[in-house]
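*Asks:* Here is my input, please return the structure:
(chains A and B)
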Amino acid sequence: MNDVTTGHDAPRAARLLIGLYPARYRSSHGDDIHATFAEATEGRTRSAVLREYRDLATHALRLRLRIGPTDPAGRVLAGAAPVALALAAGCALYLLLPGLRELVHRIRYPYPNLGLGHAVLAAVLQLARTAPWLLALGIAVTGRWRAARIAGVAAALLSAGVQALSGLYPYSAGQLAGMALVGALVLLAPAGLVDVTRRGRWEMAGLALAVALPVIAADRYTAQYLPLPMLGLLPIWLGTVTAPALLGRLAGRRRDPLRAVGVGLGTLPWLMPMTAVAAFDPPARLRPLLEYAGACVAPLGVALAVAGAVQFARWVRATDRSDLA
Amino acid sequence: MLTALADTPRHGYAIIQEVLAISDGHSRLSTGTLYTALDRLLQQGLVRIESEEVVSGRLRRTFALTDQGQDALAQEAKRLRAAATEAERRLGAFRPRSQGATS
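*Replies:* Purely as a prediction, here's the structure:
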């Protein structure tokens, strides 16, 4: 079997793929892309040509969905994806680390009535819903976002799959939708726009640790004094640790409102369980639910207010200076 | 990509070839990735369309650096040169402790 393209099939396939581009872009760039594609695939192996097809289709679909690197939505997604991934990894660390010893202990000394198989299955499921997130974050922190994206989407699929196994009542369906949303954000963010500079990588790692470590400590030492179980407080804490990142995007010297919207969007997956409960199984009294929702978004609201105040103070200072001049 | 366009304007496939050569065969841009980057560089004003010609009945474009693109590339080259100089200086200053040495 010939594993190398002859160059005759590729242009025909390219014509079909170029049909995916929005009409205006196609009429402007279609011929040029077609010519480049034909030359780039000439004499290449089948797998290399398949990669060319995939990348061309991705470029076309991004432009069609208006989520390319030059689109505002692309910038929003690029701001959301690393935050969503870091928060997911932080939650995974919180779910995995404190229970790790117990999982190992249970495999060594299984419950007599449940047996080793049950202990192993529980460990595998727990690892499947948590470890891939940590792997994805680890790859992202090394600066390889494209590889992290693949690992992140795999982590989302695995977490959602494990969640589906536990049954789909409104809260867990919301969790599943949240995981799917994290996967979608990571997948759709334009790779070239995601901040994998040293600062961006530190921010991702810092966010994940800021989510996990205080929560693990609070769960271990102060659980009896907390007003809600730690899992219930988690969305509020996620909003709290994300607030400085939002403030940085809005009040920093290089202000970036689109990425700031992305930071807010990155916290949305953890509000999905509450939204699902409100939509499909609303409690008799809505007030506690609304108060809880308010507590979740309040830290981000505070960050917005502080950023507004900082911008206003800058504007006043700049006006005073120009008046003096 | 800016380096690939630094000496002369090039069309899409020539940019792919040039990036491959500059990276010593490590980075091969796909057509989709190339045009994703070109869209962004065109929007940022770092690259412009130099000319358009019809080859075999199809429109073909040649891309070139703008003045802004040349400045951006020069700044990046200066930054990389400073980092490389510093790395060489530190490597030169590094003296591995000889075995059995006491301090």
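*Asks:* Check the average confidence over whichever strand or helix holds A:Val316, would you?
*Replies:* Following DSSP states H and E, one finds A:Val316 within helix A:287-324. Taken as a whole, helix A:287-324 carries a mean pLDDT of 87.
*Asks:* Compute the distance from the centre of it to the centre of its chain.
*Replies:* 25 Å (C-alpha atoms, centre = their mean, to the nearest Å).
*Asks:* ok, now stretch A:70-89?
*Replies:* On C-alpha atoms, centre = their mean, the centre of stretch A:70-89 falls 6 Å from that of its chain.
*Asks:* Then stretch A:89-96?
*Replies:* 14 Å.
*Asks:* Same check on stretch A:85-97?
*Replies:* With C-alpha atoms, centre = their mean, you get 12 Å for stretch A:85-97.
*Asks:* Name the residues of stretch A:50-66 that are buried.
*Replies:* Buried residues in stretch A:50-66, counted by 16 or more other C-beta atoms under 10 Å in any protein chain shown: A:Arg51, A:Glu52, A:Tyr53, A:Asp55, A:Leu56, A:Thr58, A:His59, A:Ala60, A:Leu61, A:Arg62, A:Leu63. The C-beta positions use only the backbone N, C-alpha and C, and glycine is treated the same way.
*Asks:* Chain B next: which of these are close?
*Replies:* Counting by C-beta under 8 Å from any C-beta of the partner chain, A:Arg51, A:Glu52, A:Asp55, A:Leu56, A:Thr58, A:His59, A:Ala60, A:Arg62 from these sit close to chain B.
*Asks:* Contact partners for the residue of the stretch 101-250 of chain A found nearest chain B?
*Replies:* Taking C-beta to the nearest C-beta, chain B has its nearest neighbour within the stretch 101-250 of chain A at A:Gly192, 6.6 Å off. Going by C-beta atoms under 8 Å, 6 or more residues apart in numbering or on different chains, A:Gly192 touches A:Pro69, B:Thr36, B:Ala37, B:Arg40.
*Asks:* Swap in 10 Å and give it another go.
*Replies:* A:Gly68, A:Pro69, A:Gly74, A:Ala78, A:Trp145, A:Arg146, B:Thr33, B:Thr36, B:Ala37, B:Arg40 (C-beta atoms under 10 Å, 6 or more residues apart in numbering or on different chains).
*Asks:* Narrow the residues you listed to just the buried residues.
*Replies:* Applying 16+ other C-beta under 10 Å to the contacts of A:Gly192 flags A:Gly68, A:Pro69, A:Gly74, A:Ala78, A:Trp145, B:Thr33, B:Thr36, B:Ala37, B:Arg40 as buried.
*Asks:* for those residues, which one is nearest A:Trp270?
*Replies:* A:Ala78 (19.8 Å; C-beta to C-beta).
*Asks:* Give me the phi and psi for the closest one.
*Replies:* phi -70, psi -30 (degrees, to the nearest 10).
*Asks:* Quick check: it vs chain B, distance?
*Replies:* From A:Ala78 across to chain B, the span is 12 Å (C-beta to the nearest C-beta, to the nearest Å).
*Asks:* Skipping its backbone neighbours, what lies nearest that residue in space?
*Replies:* The spatially closest residue to A:Ala78, leaving aside those adjacent along the chain, is A:Leu193, at 3.7 Å (C-beta to C-beta, 6 or more residues apart in numbering or on different chains).
*Asks:* hmm, back to that, mind putting the contacts of A:Gly192 into a markdown table with distance to B:Glu88, secondary structure and pLDDT?
*Replies:* Output for those, formatted as a markdown table (distance: C-beta to C-beta, whole Å; DSSP: H, G, I helix; E, B strand; the rest coil; pLDDT from 0 to 100):
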| residue | distance to B:Glu88 | secondary structure | pLDDT |
| --- | --- | --- | --- |
| A:Gly68 | 40 | coil | 82 |
| A:Pro69 | 35 | coil | 81 |
| A:Gly74 | 39 | helix | 91 |
| A:Ala78 | 35 | helix | 94 |
| A:Trp145 | 30 | helix | 93 |
| A:Arg146 | 31 | helix | 90 |
| B:Thr33 | 32 | helix | 91 |
| B:Thr36 | 35 | helix | 90 |
| B:Ala37 | 31 | helix | 91 |
| B:Arg40 | 33 | helix | 89 |
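*Asks:* TSV please, covering these and showing distance to A:Gly183.
*Replies:* Output for those, formatted as TSV (distance: C-beta to C-beta, whole Å):
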residue	distance to A:Gly183
A:Gly68	20
A:Pro69	20
A:Gly74	18
A:Ala78	16
A:Trp145	15
A:Arg146	15
B:Thr33	22
B:Thr36	21
B:Ala37	25
B:Arg40	25
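*Asks:* where does the residue nearest to A:Ala78 fall, phi/psi-wise?
*Replies:* Main-chain dihedrals, A:Leu193, degrees, to the nearest 10: phi -100, psi -10.
*Asks:* which stretches of chain B form strands?
*Replies:* B:10-11, B:47-55, B:58-65 (DSSP state E).
*Asks:* Reformat those as JSON lines; add mean neighbour count, mean pLDDT and distance to chain A.
*Replies:* Formatted as JSON lines, the strands of chain B follow (neighbours: other C-beta atoms under 10 Å in any protein chain shown; pLDDT from 0 to 100; distance: least, C-beta to the nearest C-beta, whole Å):
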{"stretch": "strand B:10-11", "mean neighbour count": "19", "mean pLDDT": "94", "distance to chain A": "7"}
{"stretch": "strand B:47-55", "mean neighbour count": "13", "mean pLDDT": "88", "distance to chain A": "7"}
{"stretch": "strand B:58-65", "mean neighbour count": "19", "mean pLDDT": "88", "distance to chain A": "4"}
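*Asks:* Relative to A:Ala40, which of the ones you listed is closest?
*Replies:* strand B:10-11 (11.6 Å).
*Asks:* Can you spell out which helices and strands pack onto that closest one?
*Replies:* helix A:23-41, helix B:12-22, strand B:47-55, strand B:58-65 (3 or more C-beta pairs under 10 Å, 6 or more residues apart in numbering or on different chains; DSSP states H and E).
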